[in-house]
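Enquirer: no sequence for this one, just the structure:
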DNA sequence: GAGCGATTAATTTTT
DNA sequence: TTAATCGCTC
């Protein structure tokens, strides 16, 4: 009967069979966390708990969908559909759709994504006559977001001396005012931003007792995934929801906490034991994912962090291959190295495309990999970046729908009142706003009462027609009518450029997605909200990663390390291991930030099952200019006995790629990577120099300060004397005598050289 | 008010 | 490098 418990180890079983009372599962990377979580839900249901009484909160829609699917599979019936499984944001949005009127919001409230929020903030900054060069909307938004995530409202923000000091010190004393206006504006617009979905949920539970009791009664069992990534408002909400039954199960790994920039506090998981009496703690320490080598490296890296829950990850898997550390000259070479290595692995070890992932710190790094993969005809897919729903043309179309559903929303109204162009310009709009403020009306109410402007009146009539369609047409028909009658589709269709074509197709795709939404039949017993309002609220919370149409497509996956959390791949490339990049320049000067970067690196490494590459480049393009970075400090934390560094590229590009009289592009070659390795090996052998350990305080000096005769230290070659120097400031070279007859020509801009004083 | 070319600013990470 | 904004002309 309970066959689904077979195959669990002792700790996993312990976690699964714990039914009542608070439970904390400390789940190391690859320790079967999702399996435990889903099996536990199935176990609860198997032991008489009604699915309607179980709430499971995750951070991504994908994790939620996977969980539901797996529970369903274990149970073999359709009960799992009654579970409340979803992201914090989507579950709370659903609840607020019912209860928002109690807080003065329409139940059809609009959800602002961060772009929407930033543009509201920007217009407020401009209205306040502040300089938006100094008050950058992005900065202000992050400040406000952090406040909301800590449950600090505008009044508390203003009264918090520490926050005020920070704002004064950073010369942004008006943020409190902006915050206040922003909140008022969102309310007036009947809109909530991402943070509001948590903030307002908390407000609902604290100010409306019957709502609190309703949800407390309903959710007898609460499970929270990735607990280390919860912020203060999520924490407070969970605490309240769970207070009646205290059947709270949190799963997390402090070593994988990588969202503090979004307000997450590791403290939540570190202190969980103090929050409740009799907390049962289960540690999952057996890793089923990675080779011993990969795990050793990961353990070693994370041991450089100070704050953590003590645990020892181990595995009974094979030792596996050494990890390969490769250096390249440029970012393009890095791309080429990775695609070469992929091709080589495919030929030698029969890996499929989908067995590979390339993980980077920032989205902007994807370019060089895309190019080289494309050149080698390796199919790939990029995750993240600009999501479909953030594209301008899609947002324009959505703005109409949002306005029709919620006319309070001034932002979306302003977005489309003159798009496609219908002769309603800035002057007219300013006049309306002025009038609206005088009359204490919303923008829409003002123009609805007649504006004295024929073009505006036409616009009002058109929107009203759309509103009447809400009653008579389904979401898809309404959307296509809007596309036709506004001239939006025509406008895009007229643009025959490649981009224009893509924009047109994107809007068509949006229409298709609406169609799909309306046509998905209600499952038996299930009451789905098929209104356009419900659709709009859902999609704003969707990300690109959730469009799992080609989850199993045979493509190489490219994504940020953040996006890779929770995933695993046989072969992983972690790229761009350079100071200023990984660790990020933003996080290098603060111990806590740096430790988070290290956890991020830990997350990246632990994605790999079998093989792992770590690459870095001497130089790369940034804003169109070449910049040079030192190798990442994290590289030094990888134990040498587990690495193969023979892939370091030679220091002079021409020596490999431009040998005269050799190979033409059309010749059939052994894979480029193996060839590259052979040459690199040869080169390494011929230039072999006793390994040099740089001095503890090794720090590269500016080449401009160097002169003939100086004593210098090279990172690899050790101590030497400059014999001659040549070349201009851009490309300065030096011959350096390293003793024992070793004289080397060094490009000073590339090499890291310290002047011995 | 619309459309075009010129200037400039930007890169962490995401629900 | 690219995307967005600015300012000028029609």
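Expert: On my side now, so go ahead. In this text, all values refer to a predicted model and were calculated from it rather than measured experimentally. Residues are numbered from 1 along each chain as shown, chains lettered A, B, ... in the order given.

Enquirer: what residues does chain A put near DNA strand C?
Expert: Neighbours of DNA strand C within chain A, by CB under 7 Å from any atom of the strand: A:392, A:621, A:623-624. In this view, the C-beta of every residue, glycine as well, is placed from N, C-alpha and C.

Enquirer: So which of those residues are in strands?
Expert: residue A:621 (DSSP state E).

Enquirer: hmm, which two among the residues of chain A next to DNA strand C are most spread apart?
Expert: Farthest-apart pair in these is A:392 and A:621; separation 26.1 Å (CB to CB).

Enquirer: thinking again about what came up before, export the residues of chain A next to DNA strand C to TSV and tack on distance to residue A:289 and pLDDT?
Expert: Supplementary listing: these in TSV, determined by distance: CB to CB, whole Å; pLDDT from 0 to 100:
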residue	distance to residue A:289	pLDDT
A:392	40	87
A:621	35	89
A:623	38	82
A:624	40	80
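
Enquirer: Cross-reference the residues of chain A next to DNA strand C with the helices and report the matches.
Expert: residue A:392 (DSSP state H).

Enquirer: Sort out which of the residues of chain A next to DNA strand C are buried, if you could.
Expert: Taking 16 or more other CB atoms under 10 Å as the criterion, nothing in the residues of chain A next to DNA strand C is buried.

Enquirer: Report the beta-bridge partner residues of residue A:87.
Expert: On the basis of DSSP bridges, residue A:87 is bridged to residue A:58.

Enquirer: Can you verify my assumption that residue A:554 contacts residue A:354?
Expert: Yes - counting by CB atoms under 8 Å, residue A:554 does reach residue A:354; the two are 4.8 Å apart.

Enquirer: who's more crowded, these two?
Expert: Using other CB atoms under 10 Å, the more surrounded residue of residue A:554 and residue A:354 is residue A:354, with 18 against 11.

Enquirer: I'd like to know how far that one sits from residue A:607.
Expert: 14 Å (CB to CB, to the nearest Å).

Enquirer: What residues does the stretch 51-200 of chain A have near DNA strand B?
Expert: So far as CB under 7 Å from any atom of the strand goes, the stretch 51-200 of chain A lies against DNA strand B at A:59-61, A:87-90, A:113-114, A:133, A:136, A:138, A:194-195.

Enquirer: Which of these fall within helices?
Expert: Using DSSP H, these in helices are A:61, A:88-90, A:114, A:138, A:194-195.

Enquirer: Buried by neighbour count, from the residues you listed: which ones?
Expert: Buried, going by 16+ other CB under 10 Å: A:61, A:88-90, A:194-195, out of those.

Enquirer: need the residues you listed in a markdown table with distance to residue A:179 and pLDDT, can you?
Expert: Listed next are those as a markdown table, based on distance: CB to CB, whole Å; pLDDT from 0 to 100:
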| residue | distance to residue A:179 | pLDDT |
| --- | --- | --- |
| A:61 | 29 | 86 |
| A:88 | 22 | 95 |
| A:89 | 21 | 95 |
| A:90 | 26 | 93 |
| A:194 | 16 | 94 |
| A:195 | 12 | 95 |
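
Enquirer: The longest helix seen in chain A: which residues count as buried?
Expert: Longest helix in chain A by number of residues, with DSSP H as the criterion: helix A:498-519. Buried residues in helix A:498-519, defined by neighbour count with 16+ other CB under 10 Å: A:503-504, A:506-507, A:510-511, A:513-515, A:517-518.

Enquirer: Make sure residue A:558 is indeed in a helix.
Expert: No - according to DSSP: H, G, I helix; E, B strand; the rest coil, residue A:558 belongs to no helix; its state is strand.

Enquirer: I'd guessed it sits against residue A:353; true?
Expert: No - counting by CB under 8 Å, residue A:558 does not reach residue A:353; the two are 11.6 Å apart.

Enquirer: Between these two, which is the more surrounded one?
Expert: The residue with more neighbours, out of residue A:558 and residue A:353, is residue A:558; 27 against 17, by other CB under 10 Å.

Enquirer: Next one: the more buried one from residue A:192, what distance?
Expert: From residue A:558 to residue A:192 the distance is 32 Å (CB to CB).

Enquirer: try residue A:100
Expert: 8 Å.

Enquirer: So which of these two has more stuff around it?
Expert: For residue A:100 versus residue A:192, neighbours defined as other CB under 10 Å are more numerous around residue A:192 (27 against 20).

Enquirer: Is the more buried one in contact with residue A:109, as I believe?
Expert: Yes - contact status for residue A:192 versus residue A:109: in contact at 5.6 Å, counting by CB under 8 Å.

Enquirer: Mutual contacts of the two, please.
Expert: Residues touching both residue A:192 and residue A:109 by CB atoms under 8 Å, 6 or more residues apart in numbering: residue A:96.

Enquirer: And the residue of chain A closest to DNA strand B?
Expert: Proximity of chain A to DNA strand B (CB to the nearest atom of the strand) peaks at residue A:425, 2.5 Å away.

Enquirer: so how many other residues sit close to that residue?
Expert: 11.

Enquirer: hmm, back to that, so which of the buried residues of helix A:498-519 comes closest to DNA strand C?
Expert: For the buried residues of helix A:498-519, the nearest to DNA strand C is residue A:503 (11.7 Å; CB to the nearest atom of the strand).

Enquirer: quick one, what contacts the closest one?
Expert: A:391-393, A:492, A:495.

Enquirer: ok, 6 Å please
Expert: A:393, A:492 (CB atoms under 6 Å, 6 or more residues apart in numbering).

Enquirer: residue contacts, residue A:447?
Expert: A:456, A:460.

Enquirer: A strand includes it, no?
Expert: No - using three-state DSSP, the secondary structure at residue A:447 is helix, not a strand.

Enquirer: rewinding a little: pull up the overlap in contacts between residue A:100 and residue A:192.
Expert: By CB under 6 Å, 6+ apart, the residues touching both residue A:100 and residue A:192 are residue A:109.

Enquirer: So out of everything in the stretch 351-500 of chain A, what residue is nearest DNA strand C?
Expert: Closest point on the stretch 351-500 of chain A to DNA strand C, by CB to the nearest atom of the strand, is residue A:392, at 6.6 Å.

Enquirer: Which residue comes closest to that residue once chain neighbours are left out?
Expert: Excluding its sequence neighbours, the residue lying closest to residue A:392 (CB to CB, 6 or more residues apart in numbering) is residue A:503, at 7.7 Å.

Enquirer: Then residue A:412?
Expert: Residue A:412's closest residue in space is residue A:399 (CB to CB, 6+ apart), at 4.1 Å.

Enquirer: okay, and for the stretch 651-757 of chain A, where does confidence drop off?
Expert: By pLDDT under 70, the low-scoring segments of the stretch 651-757 of chain A are A:651-706, A:712-720, A:723-754, A:757.

Enquirer: One more: chain A?
Expert: Those would be A:1-2, A:521-528, A:544-551, A:648-706, A:712-720, A:723-754, A:757, if you go by pLDDT under 70 across chain A.

Enquirer: Can you give me every residue that contacts the residue of it found nearest DNA strand C?
Expert: Closest approach between chain A and DNA strand C, counting by CB to the nearest atom of the strand: residue A:624, at 2.7 Å. Going by CB under 6 Å, 6+ apart, residue A:624 touches no other residue.

Enquirer: What of residue A:45?
Expert: residue A:51 are the contacts of residue A:45 under CB under 6 Å, 6+ apart.

Enquirer: Distance check, it against residue A:72.
Expert: 11 Å.

Enquirer: What is the distance between stretch A:441-450 and the centre of its chain?
Expert: 40 Å (CA atoms, centre = their mean, to the nearest Å).

Enquirer: Alright, calling it a day.
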